[in-house]
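Colleague: fold the following and give me the result.
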Amino acid sequence: MFIVNSYTLAVVFCFITMLCWGSWGNTQKLAAKSWRYELFYWDYVIGMVVFALLLAFTMGSIGSQGRPFLADISQASAASILSIILGGFIFNASNILLSASTSIAGLSVAFPLGVGLALVIGVINNYIVDVQQGTQGNVALLAIGVLLVVAAIICNGVASGKRGDSQTDRKNSRKGIILAILAGVIMSFFSRFVAQAMDLSNFAAPASGKVTPYTDIPDETFAAGVLGTGVGVEPTEGVVVAPCDGEISSVAESKHAVGVAANDMELLIHVGVDTVAMNGDGFTTYVKEGDQVKAGDLLITFDRAKIKAANHPDTVVVLLTNSDDFEDVAYPGVEE
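Modeller: Numbering: from 1, shown residues only. Below is the predicted model:
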């Protein structure tokens with residue numbers, strides 16, 4: 001999948017997101033006289049679904065990093081799917097309330113108040129999730145952003161209080177503000193449920209530190225089992241040791257892969273995805289072809305920082321290349 005590795009590009013995407021988020025409210029307000037809200041919102045939802053699928057099968061399915069969309073959705077747990085659905089339900093409910101607020105109090109009141117509250121409370125909710133996953137951002141910058149949004153909400157509230165001249169205008173304005181507050185509070189929780197369904201610490205190789213079935217390895221050749229069945233291990237340090245006693249059958253010139261022959265098994269230990277392109281930079285081998293090794297002997301060390309800097313996942317793939325010679329292959333300790 002396409003992964004944003006540039007801070008500047010991330011800011012640009014955030015700007016585009018906010019622009020799109022605000023555009024539907026403006027469009028609904030402009031079309032209110034000739035376009036019934038129910039029909040407008042139905043079309044809005046259809047557009048969101050179509051665009052989400054378009055992104056899923058394009059940006060979500062290209063590149064050598066991460067899992068492509070269909071593979072990712074097929075391995076997702078029921079809890080993750082339910083969490084995402086709940087997040088979508090919360091988002092839609094809040095949008096309906098926000099639209100009602102817009103029709104009563106006006107776009108200039110409803111959107112800054114509702115979305116502003118959603119951003120403030122949402123930042124707090126998301127920060128809690130980030131801390132749990134070990135990916136929290138800069139607290140000072142987050143606090144400054146929250147304070148600026150709060151200041152905007154206060155200024156908008158003062159302005160809206162002076163907006164209506166009649167008692168009816170003030171009453172309607174209060175109703176709109178209450179609806180906007182409800183919309184903002186509800187909306188602030190949707191992203192937390194979506195975030196809980198994702199591994200925010202490592203998009204390139206989801207669930208870092210965990211062993212995954214080979215179908216989750218972020219490389220089509222390995223994932224398809226073309227070279228044999230196996231597992232992908234997300235390393236916690238840049239060291240590869242022999243998984244069993246055997247003889248070194250091959251050592252890649254680029255130092256990123258080693259073959260081990262053990263009894264009737266032919267094993268291939270491959271560090272990273274597409275790391276052959278690094279031409280050995282960041283890799284050191286400690287064995288040569290024909291060497292006898294014992295389980296635990298050092299085979300390869302690698303620089304994880306260099307691999308990630310080259311935009312490659314550092315997943316260590318262990319394959320049984322002659323798996324067709326066996327009736328059944330099991331990997332103890334690996335959750336399917």
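Colleague: run a quick neighbour tally on residue 124.
Modeller: When neighbours are defined as other C-beta atoms under 10 Å, residue 124 has 13 of them. (C-beta placed from N, C-alpha, C; glycine too.)
Colleague: that one sits in which helix or strand?
Modeller: Using DSSP states H and E, residue 124 falls within helix 107-133.
Colleague: quick one: mean pLDDT over that helix.
Modeller: For helix 107-133, mean pLDDT is 77.
Colleague: what's the helix or strand following that helix packed up against?
Modeller: Counting by DSSP H and E, the next helix or strand C-terminal to helix 107-133 is helix 139-161. Applying 3 or more C-beta pairs under 8 Å, 6 or more residues apart in numbering; DSSP states H and E, one finds that helix 139-161 contacts helix 107-133, helix 167-187.
Colleague: which pLDDT does the model give the closest residue to residue 104 other than its chain neighbours?
Modeller: Excluding the flanking residues, the one nearest residue 104 by C-beta to C-beta, 6 or more residues apart in numbering is residue 176, at 3.8 Å. Here the pLDDT value assigned to residue 176 is 82.
Colleague: so who does residue 176 touch?
Modeller: Applying C-beta atoms under 8 Å, 6 or more residues apart in numbering to residue 176 gives the contacts 101-102, 104-106, 109-110.
Colleague: can you rerun that using 7 Å?
Modeller: By C-beta atoms under 7 Å, 6 or more residues apart in numbering, the contact list for residue 176 reads 101, 104-105, 109-110.
Colleague: residue 41 now?
Modeller: For residue 41, the contacting residues are residue 99, by C-beta under 7 Å, 6+ apart.
Colleague: so what pLDDT did it get?
Modeller: So, for residue 41, pLDDT stands at 75.
Colleague: which stretches of this structure form helices?
Modeller: Using DSSP state H, the helices of the chain run over residues 7-31, 37-57, 69-75, 78-105, 107-133, 139-161, 167-187, 190-196, 220-223, 304-309.
Colleague: mean pLDDT lowest for which of the ones you listed?
Modeller: It's helix 220-223: among the helices of the chain, that one has the lowest mean pLDDT, namely a mean of 44.
Colleague: rewinding a little: dump the helices of the chain to TSV, plus distance to residue 244.
Modeller: Compiled in TSV, the helices of the chain are given as follows (distance: least, C-beta to C-beta, whole Å):
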stretch	distance to residue 244
helix 7-31	44
helix 37-57	40
helix 69-75	28
helix 78-105	35
helix 107-133	34
helix 139-161	47
helix 167-187	54
helix 190-196	38
helix 220-223	20
helix 304-309	24
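Colleague: which one of those lies nearest to residue 322?
Modeller: Among these, the nearest to residue 322 by C-beta to C-beta is helix 220-223 (15.6 Å).
Colleague: now the residue nearest to residue 104: how far from residue 189?
Modeller: Separation of residue 176 from residue 189 (C-beta to C-beta, to the nearest Å): 22 Å.
Colleague: ditto for residue 249
Modeller: 55 Å.
Colleague: which one of the helices and strands packed on helix 139-161 lies nearest to residue 154?
Modeller: Per C-beta to C-beta, nearest to residue 154 of the helices and strands packed on helix 139-161: helix 107-133, 9.6 Å.
Colleague: what comes up buried for the closest one?
Modeller: Across helix 107-133, burial judged by 16 or more other C-beta atoms under 10 Å covers 107, 109-123, 125-127, 129-130.
Colleague: which other helices and strands does it contact?
Modeller: If you count contacts as 3 or more C-beta pairs under 7 Å, 6 or more residues apart in numbering; DSSP states H and E, helix 107-133 packs onto helix 7-31, helix 78-105, helix 139-161, helix 167-187, helix 190-196.
Colleague: relative to residue 305, which of those helices is closest?
Modeller: Nearest to residue 305 among the helices and strands packed on helix 107-133 is helix 7-31; the distance by C-beta to C-beta comes to 17.9 Å.
Colleague: hmm, who's touching that closest one?
Modeller: Defining contact as C-beta under 7 Å, 6+ apart, one finds that helix 7-31 is touched by 4, 37, 40, 44, 99, 102, 107, 111.
Colleague: can I get those residues in a markdown table with distance to residue 26?
Modeller: Formatted as a markdown table, the contacts of helix 7-31 follow (distance: C-beta to C-beta, whole Å):
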| residue | distance to residue 26 |
| --- | --- |
| 4 | 27 |
| 37 | 14 |
| 40 | 12 |
| 44 | 12 |
| 99 | 12 |
| 102 | 10 |
| 107 | 7 |
| 111 | 9 |
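Colleague: which of those residues sits closest to residue 197?
Modeller: Nearest to residue 197 out of these is residue 4 (C-beta to C-beta; 19.0 Å).
Colleague: how many neighbours does that closest one have?
Modeller: Using other C-beta under 10 Å, residue 4 has 13 other residues around it.
Colleague: ok, now which ones touch it?
Modeller: Applying C-beta under 7 Å, 6+ apart to residue 4 gives the contacts 10, 13.
Colleague: what about 6 Å?
Modeller: Shown in contact with residue 4 (C-beta atoms under 6 Å, 6 or more residues apart in numbering): residue 10.
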